[in-house]
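*Asks:* predicted model, plus sequence, below.
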Amino acid sequence: MKTLWWQTVGTGNCHLVLLHGWGLNAEVWRCVTEELSSHFTLHLVDLPGYGRSRDFGAMSLEAMADIVLDAAPQKAIWLGWSLGGLVASKIALTHPERVEALVTVASSPCFSAREAWPGIKPEVLSGFQQQLSENFQRTVERFLALQTLGTETARQDARALKNTVLSLPMPGVDALNGGLDMLKTVDLRAPLASLAMPHLRIYGYLDGLVPRKVVPLLDARWPESESLVIAKAAHAPFISHPAEFCAALIALRQRLR
């Protein structure tokens, strides 16, 4: 039987669902759980195919969003990091009545580089897919190392991410390939322009996977949304700068009251 792993912690009267990124699991949030759990009721999820939800195989963004939504509270702030940002965004688009606010962290509505759009080169993502079939643990570790490059705490941040992966069974190759397909093909730039709910976008200035050049482009496309760039962070700002990250979420909650 396929079971989605879900844990609820905290005492706050505002629900916050946390969705992790590619190759990882909900343990990435442990560095901020204690601080946030006094302000929110947190919902920690292993996305289908990852961590303790490993029994799911590859699936579409739509299918993944539906499975996660089925287990969620009726109304919550949805926060998605990296690939998780696509899942949270899809839920905000298809079920806006269930989303109090959308928060995306080091995420892009279109991860793949396109004409006049900065992102990851499609051939790089294709290369990761090819390497997964040869040595998938090493490929995942290489991808994790890219996420912390350039930060003052890069080595320890990369170690934290690696330990998160190794603490649980590795995702299957099918699920990892399915996630890379989402990063290659999904483009939510136009649909998200009509989003009516509060939308906070958090970035790392040094992020090598979601270039900071996307920030002013989305500021112009989505003038109703709000962006925050953390100066010395890369792709995992909640690990390198947990205090700044938590402060932004607590401030958002106060504005929603």
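*Replies:* Nice, thanks for sending it over. Fair warning: this is a prediction, and the values are worked out from it, not measured in the lab.
*Asks:* mind listing the strands for this structure?
*Replies:* 6-9, 15-19, 41-45, 76-81, 99-105, 199-204, 226-230 (DSSP state E).
*Asks:* can I assume Glu100 is in contact with Arg253?
*Replies:* No. The pair Glu100 / Arg253 is not scored as a contact, 9.3 Å apart, by Cβ atoms under 8 Å. C-beta here means a position set from N, CA and C on the backbone, and glycine is covered the same way.
*Asks:* intersection of neighbour lists for these two?
*Replies:* Common contacts of Glu100 and Arg253, defined by Cβ atoms under 8 Å, 6 or more residues apart in numbering, comprise Cys14, Ile77.
*Asks:* adding mean neighbour count, distance to Gly178 and mean pLDDT, write the strands of the chain out as JSON lines.
*Replies:* Putting the strands of the chain into JSON lines (neighbours: other Cβ atoms under 10 Å; distance: least, Cβ to Cβ, whole Å; pLDDT from 0 to 100) gives the following:
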{"stretch": "strand 6-9", "mean neighbour count": "14", "distance to Gly178": "20", "mean pLDDT": "97"}
{"stretch": "strand 15-19", "mean neighbour count": "26", "distance to Gly178": "15", "mean pLDDT": "98"}
{"stretch": "strand 41-45", "mean neighbour count": "23", "distance to Gly178": "17", "mean pLDDT": "97"}
{"stretch": "strand 76-81", "mean neighbour count": "26", "distance to Gly178": "16", "mean pLDDT": "98"}
{"stretch": "strand 99-105", "mean neighbour count": "25", "distance to Gly178": "20", "mean pLDDT": "98"}
{"stretch": "strand 199-204", "mean neighbour count": "24", "distance to Gly178": "25", "mean pLDDT": "98"}
{"stretch": "strand 226-230", "mean neighbour count": "18", "distance to Gly178": "29", "mean pLDDT": "97"}
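*Asks:* export those strands to JSON lines and tack on distance to Phe56?
*Replies:* Converted to JSON lines, those look like this (distance: least, Cβ to Cβ, whole Å):
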{"stretch": "strand 6-9", "distance to Phe56": "13"}
{"stretch": "strand 15-19", "distance to Phe56": "14"}
{"stretch": "strand 41-45", "distance to Phe56": "12"}
{"stretch": "strand 76-81", "distance to Phe56": "17"}
{"stretch": "strand 99-105", "distance to Phe56": "23"}
{"stretch": "strand 199-204", "distance to Phe56": "27"}
{"stretch": "strand 226-230", "distance to Phe56": "32"}
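*Asks:* for Arg257, which of those is the nearest?
*Replies:* strand 99-105 (10.9 Å; Cβ to Cβ).
*Asks:* tell me the buried residues in the worst-scoring helix or strand of the chain on mean pLDDT?
*Replies:* Taking mean pLDDT, DSSP states H and E as the measure, the chain has helix 122-146 as its least confident helix or strand, at a mean of 80. For helix 122-146, a neighbour-count test (16 or more other Cβ atoms under 10 Å) marks Leu125, Phe128, Gln129, Leu132, Phe136, Thr139, Val140, Glu141, Phe143, Leu144, Leu146 as buried.
*Asks:* the third one contacts Leu180, correct?
*Replies:* Yes. With contact defined as Cβ under 8 Å, Gln129 counts as touching Leu180 (5.2 Å).
*Asks:* specify the beta-bridge partners of the residue nearest the centre of the chain.
*Replies:* Centroid check for the chain by Cα atoms, centre = their mean gives Trp81 as the closest residue, at 1.7 Å. According to DSSP bridges, the partner residues bridging Trp81 are Val105.
*Asks:* I'd like the distance between it and Leu18.
*Replies:* Counting by Cβ to Cβ, to the nearest Å, the separation of Trp81 from Leu18 is 8 Å.
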